[in-house]
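Undergrad: predicted model and sequence below, questions to follow.
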Amino acid sequence: MAGVAGGNDFQWCFSQVKGAIDEDVAEADIISTVEFNYSGDLLATGDKGGRVVIFQHEQESKNRPQLRGEYNVYSTFQSHEPEFDYLKSLEIEEKINKIRWLPQQNAAHFLLSTNDKTIKLWKISERDKRAEGYNLKDEDGRLRDPFRITSLRVPVLMPMDLMVEASPRRIFANAHTYHINSISVNSDHETYLSADDLRINLWHLEITDRSFNIVDIKPANMEELTEVITAAECHPLQCNVFVYSSSKGTIRLCDMRAAALCDRHSKFFEEPEDPSSRSFFSEIISSISDVKFSHSGRYMMTRDYLSVKVWDLNMENRPVETYQVHEYLRSKLCSLYENDCIFDKFECCWNGSDSAIMTGSYNNFFRMFDRNTRRDITLEASRESSKPRATLKPRKVSTGGKRKKDEISVDSLDFNKKILHTAWHPKDNVIAVAATNNLYIFQDKIN
Amino acid sequence: MAGADGDDSLYPIAVLIDELRNEDVQLRLNSIKKLSTIALALGVERTRTELLPFLTDTIYDEDEVLLALAEQLGNFTMLVGGPEYVHCLLPPLESLATVEETVVRDKAVESLRKISQEHSPVDLEVHFEPLVKRLASGDWFTSRTSACGLFSVCYPRVSSTVKAEIRQHFRTLCSDDTPMVRRAAASKLGEFAKVLELDYVKSDIISLFTALASDEQDSVRLLAVEACVSIATLLPQEDLESLVMPTLRQAAEDKSWRVRYMVADKFSELQKAVGPEITKNDLVPAFQNLLKDCEAEVRAAAANKVKEFCENLPEDNREQIIMTHILPCVKELVSDTNQHVKSALASVIMGLSTILGKDNTIEHLLPLFLAQLKDECPEVRLNIISNLDCVNEVIGIRQLSQSLLPAIVELAEDAKWRVRLAIIEYMPLLAGQLGVEFFDEKLNTLCMAWLIDHVYAIREAATCNLMKLVEKFGAEWAQNTIVPKVLGMANDPNYLHRMTTLFCINALSEACGQDITTKQMLPVVLKMSNDQVANVRFNVAKSLQKIGPVLDSNALQTEVKPVLEKLATDTDMDVKYFAQEAISVLVLA
């Protein structure tokens, strides 16, 4: 897996792109979350229109062995509808903020999807048999004379074309006053947490009418509010540990064994600020937009506006690794503030072996960092390179005065094309990158 | 019908069968609940060869349908041809035992357990045991969790080779990768231990128990505490110390509050299971620690057990243990920072007085009761008041009355109406214990004040309270103290208060008897029939209907009838309606 993020021996190539090609994009089609399931066979996306689309990995075909199997639509369903809170006169958007898969428990698949207020548990199941034969109707659906029934017929199950059904199993509502930014399934397989701006709740997956508030940072007086929760996640192995990040650039690790209410953290991760680089924007750009544990559970990664940091859970005072995502924007913060881009919430993800990380940027660029070789690469999700098996060319942004060939100037970056959501297959080198309304799937080149 | 060659008795069954697939869940559910009727009509042969195969694949349905199906199949033995064929029920129940919905799975397991008893020993080994093995080694954890509940029912009835296999399967599940399965195994550990031979309990179960109790997930560890109770009851006293106590001690000091909570919650059962000697040496200090735990949830759970724990202490030195070890902790809990802890304690603390006797109660417990009666949290005070009867038996309530009264008055005027409602409900009990004099002097005004509370639920409860008081103190007392005040409200400018008069009369007439009702209440009711407010007038009609049976026929004919007839011609249609209803109920037409 060495050299995932660039190097001679490894190249990413285009596999698929999903979504319409049209220039004008419908707001509802913008992808708002991307998530592989535990095996990587299913890939779910949520969009601003409240829909969830699930893609399934098809087995590779025998006659074209160079091609890995593709992801094709498996099921599409409307997860959330726009609603109106009459008590507070508030519109509730249908936008899917997060999707989280549950560990598989039987032949069906389960996922949690959430908008700002309501979390839903969906079951996606297959059906390949249909019952046939009625007593009161004949094969064509004509009613039989009820008095001419001479024998009873028990329905018989016949094979039919595969049908995939998505059904809502549970609705977890009315527990969040503020907007839900994260949901995370606990490794005990029976609980999950949901976080909004000021509170974190713990739910049992089978109980919808009750949740436990485990973190509450709402000050008695809202004018004293200085900090909000931006993301939260459960530890992948230890069922009692979770972390949450804040708009102040800090991360708190809590142990649910210690007390029922986790208002006292057990660990506090913060990097001391460099006084020389302090500016008006320091606080805004230090706000953490995403936090993810490594699969091993040893590290966690945080994304702030300009960088990705990897923390060792055993070291609270500074990250063990810091990667600059788009340092060239530091001089542009003023205009990024004016067009609100500075508040964009970029997510980040680990590869299956925790050896590389990926996160998005502007101009449909996304970045990968190899933790072993410390190499990094900028790639672009674009229609131009979307020919089957086309190798992705590394991109460069020129920061100096002179622009070299193949480089793109900072000033010509398109800030409307941003890659906020990406996902990495849990085992293979397959990545899914959401670029506005398109989902790109890339994989490593097999030579 | 003429010429029909069909059998019309088949029609209802045909409908039921077709509705097994109706789009309406309710109809499907209805059909499933009548599955026995369908099976009976089909006969045992067709039930086995057609109906059951169809049902086996019906696991796509809604949970409630599946739940009903799982339950039905548990009672299906006769319908498939008796115990000889009972194994035909295994396939559908097996598929139900793998669905994701816990209630359905549990019901399927319950039915499987039930029909396992109807299997002959041979069938159990040929059909049932293989099913348990299939579930236990299934790919998905849903099937493996279901398997955990089936070991104990087949174990006692199979050969020793199969027994060894079953033990092996259970061992495997106890160390399953998924916490779901380990939890299922931990929760069935006690039950499984009960059917095992004692040697295997010592060799197998104890090691599994120790492993589960030190599982990395606290959700598994806490279930081991429950198993601890059953295992401890199975072992001879001399083995407890070495086999169970190390684990129990460890659980009581677990890093996770949820595990300690579980120990506190199961404390009485644990105490009974380990016996008096270990209780004295081990559980008393453990209990002290739980009462002083840093997590409020744990303290509250332990506080709830104070009375039961003390009651079950060995009698020879019970008083000494309580006085020197438990009471100091209890004293601290009275001023705990957490109100749930205090209110948990308040709900049981009074029970200690019967155990400690009069002198100790007065000297040690009374100050605690008094402190709790003055607690800032209304729930604490309420819990004390609701348990006054225990103290009453030991020292008499008079000892408390000085502090009791201010506490009651304060609760009676609490800003939260639910608190006021709760104290009203204790009034009849208090009145009985404090006696009529004390009541008239101190509490009567409160009871009357509730009648004009601005919350309807309080006024309603207050009327009901008056009725219970009259039942306790008698009609004469009512005539002197309550009735005049109630009737006085009939002239209140607020129509809601005037209606309260009517509601009180409804409640009191029967308890007060014919004399008071006819002479004092009836005139007031009749007079109110001229009220300006229609709501009052139709309540007059309702009241007359209510008190009619108490009145004599003369009063009914001469006084009630004309008034109701007049109300029956009222301009308001509700008044008309209730007047006519009263006329027909009282047969005055």
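TA: It's in.

Undergrad: which residue packs closest to the residue in the stretch 51-200 of chain A that chain B sits nearest to, ignoring adjacent ones?
TA: When scored by C-beta to the nearest C-beta, the stretch 51-200 of chain A has A:N135 as its residue closest to chain B, at 3.5 Å. Backbone N, C-alpha and C define where each C-beta goes, glycine included. Nearest non-adjacent residue to A:N135, counting by C-beta to C-beta, 6 or more residues apart in numbering or on different chains: B:A14, 3.5 Å away.

Undergrad: secondary structure element holding that neighbour?
TA: Using DSSP states H and E, B:A14 falls within helix B:10-19.

Undergrad: then B:L27?
TA: For B:L27, the element it lies in under DSSP H and E is helix B:25-33.

Undergrad: briefly note if that helix comes near chain A.
TA: No: using C-beta under 8 Å from any C-beta of the partner chain, helix B:25-33 never reaches chain A; the gap is at least 11.5 Å.

Undergrad: interface residues of the stretch 251-400 of chain A facing chain B?
TA: Residues of the stretch 251-400 of chain A lying close to chain B (C-beta under 8 Å from any C-beta) are A:256-260.

Undergrad: B:V44 and B:V536, how far apart?
TA: Distance from B:V44 to B:V536, counting by C-beta to C-beta, to the nearest Å: 68 Å.

Undergrad: and these two? which has more neighbours close in?
TA: Neighbours per residue (other C-beta atoms under 10 Å in any protein chain shown) separate B:V44 from B:V536, with B:V536 holding more: 20 against 16.

Undergrad: Three-state assignment for that one, please.
TA: Look at B:V536: counting by DSSP: H, G, I helix; E, B strand; the rest coil, its state is helix.

Undergrad: for it, give me its contacts.
TA: Going by C-beta atoms under 8 Å, 6 or more residues apart in numbering or on different chains, B:V536 touches B:495, B:498-499, B:502, B:528.

Undergrad: in the lengthiest helix in chain B, what's buried?
TA: Taking DSSP state H as the criterion, chain B has its longest helix at helix B:495-516. For helix B:495-516, the neighbour count (16 or more other C-beta atoms under 10 Å in any protein chain shown) marks B:497-513, B:516 as buried.

Undergrad: so for it, mean pLDDT?
TA: For helix B:495-516, the mean per-residue pLDDT is 90.

Undergrad: ok, then the element right after it?
TA: Once helix B:495-516 ends, the next helix or strand along the chain (criterion: DSSP H and E) is helix B:522-527.

Undergrad: what residues does the stretch 51-200 of chain A have near chain B?
TA: Checking the stretch 51-200 of chain A against chain B by C-beta under 8 Å from any C-beta, the hits are A:103-108, A:110, A:123, A:125, A:127, A:129, A:131, A:134-137, A:145-157, A:165, A:169, A:187-190.

Undergrad: out of these, which are buried?
TA: Looks like those have A:104-106, A:108, A:110, A:123, A:125, A:131, A:134-136, A:146, A:149, A:152, A:154-155, A:157, A:169, A:187-190 buried, using 16+ other C-beta under 10 Å.

Undergrad: list the contacts for B:L544?
TA: B:525, B:560, B:563-564, B:582, B:586.

Undergrad: so it is in which element?
TA: Going by DSSP H and E, B:L544 is part of helix B:534-547.

Undergrad: give me the residues contacting the very next helix or strand once past that helix.
TA: Counting by DSSP H and E, the element after helix B:534-547 in chain order, helix or strand, is helix B:553-555. Outside helix B:553-555, the residues that touch it by C-beta under 8 Å, 6+ apart are B:518, B:522.
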